[in-house]
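A.B. asks: Attaching a predicted model along with its sequence, questions to come.
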Amino acid sequence: MTNQDKEAFCAFMASLLAPPDEAMLKTIQQGEVAFFLEDYIQAWGGSPELLSEFSPKFSPQVFLSAMQKEYHRLFSSLGGEKISLVESTYKPWTSEAHCALPFAREKGLLQGDSALHLSAIFRQLSLEISEEYMGRPDHLVIELEFLSSLYQVAKDEQIQGFIEDHLDWIPDLKEEFIRLHAHPFYKNAIEILALFLENEKKGRKARYHGSKKIH
């Protein structure tokens, strides 16, 4: 995958994990994404069946309506047991050793260390977060959009650092999708993302060992 391909991949994954709309439906209907990803998924050790949900078996509007209902069921904050797409909630609220707050090491809270770190980065880069994600700068959609932009301009070390620091919680998210019996559309999407991130980590290790000097 070239960096341009990775940029497009991350932007596509962000669109899949945002609230479903006509733009997402149009992207899937074009069929180019499945064609683009098929060889990569097999190279990453995944099954081509992971792409089956990106070729809607029903009319476009029926499919969109079903995904909107499922998105609300899984991710809406209104009642019931929901899945969080926010990094902070999967990690201790802070790793600051001197923090005396009673909930400092608890999980499930917003505005943790990861959110503060990303807020600082976005301020430094003069990037604004849309109102929809205000107060959640470490929402997965925002993280994937930012990673997409990093593939345009950042050095490899910076990209890998971001993945290691801010996308190491995806295995936990996969477990949540399984626990709440998410629609295969979403389970497959997160599995494809996990395969991509694991491949990126393997690639970094290979480059690191290949660059080590032999004495």
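C.D. replies: Happy to help now that I have it. Here the structure is a predicted model, which is why all the values come from computation and not from measurement.

A.B. asks: who's in contact with residue 7?
C.D. replies: By CB atoms under 8 Å, 6 or more residues apart in numbering, residue 7 lies in contact with 148-149, 151-152. Quick note: C-beta positions are derived from backbone N, CA and C, even for glycine.

A.B. asks: residues contacting the residue most central in space within the chain?
C.D. replies: Note on the chain: the residue nearest the mean C-alpha position is residue 140, at 4.6 Å, using CA atoms, centre = their mean. When contacts are counted by CB under 8 Å, 6+ apart, residue 140 touches 14, 17, 85-87, 173.

A.B. asks: if you set the cut-off to 7 Å instead, what comes out?
C.D. replies: Shown in contact with residue 140 (CB atoms under 7 Å, 6 or more residues apart in numbering): 17, 85.

A.B. asks: Highest neighbour count among the contacts of residue 7?
C.D. replies: The most crowded member of the contacts of residue 7, judged by other CB atoms under 10 Å, is residue 151 (20 neighbours).

A.B. asks: do you know how far the residue nearest to residue 176 when sequence neighbours are not counted is from residue 70?
C.D. replies: Closest residue in space to residue 176, ignoring its immediate chain neighbours: residue 83 at 4.7 Å, by CB to CB, 6 or more residues apart in numbering. Using CB to CB, to the nearest Å, residue 83 is found at 11 Å from residue 70.

A.B. asks: ok, now residue 149?
C.D. replies: Remark: distance between residue 149 and residue 70 (CB to CB) = 28 Å.

A.B. asks: Name the next helix or strand downstream of the host helix or strand of residue 157, please.
C.D. replies: Here residue 157 sits within helix 156-166, counting by DSSP states H and E. For helix 156-166, the following helix or strand on the C-terminal side (DSSP H and E) is helix 170-179.

A.B. asks: so where's the chain uncertain?
C.D. replies: For the chain, the stretches with pLDDT under 70 are 56, 77-80, 100, 102-104, 204-215.

A.B. asks: burial measure for residue 122, as a count.
C.D. replies: With other CB under 10 Å as criterion, residue 122 counts 15.

A.B. asks: Report the spatially nearest residue to it, omitting neighbours in sequence.
C.D. replies: Using CB to CB, 6+ apart and skipping the chain neighbours, the partner closest in space to residue 122 is residue 137 (6.2 Å).

A.B. asks: Helix, strand, or coil at the one you found?
C.D. replies: Secondary structure assignment for residue 137 (DSSP: H, G, I helix; E, B strand; the rest coil): coil.

A.B. asks: residues contacting it?
C.D. replies: Neighbouring residues of residue 137 by CB under 7 Å, 6+ apart: 115, 118-119, 122, 129.

A.B. asks: switch to 10 Å and redo it
C.D. replies: 86-88, 111, 114-123, 127, 129, 143, 146 (CB atoms under 10 Å, 6 or more residues apart in numbering).

A.B. asks: In helices, which of those residues appear?
C.D. replies: Within the contacts of residue 137, residues falling in helices by DSSP state H are 114-123, 143, 146.
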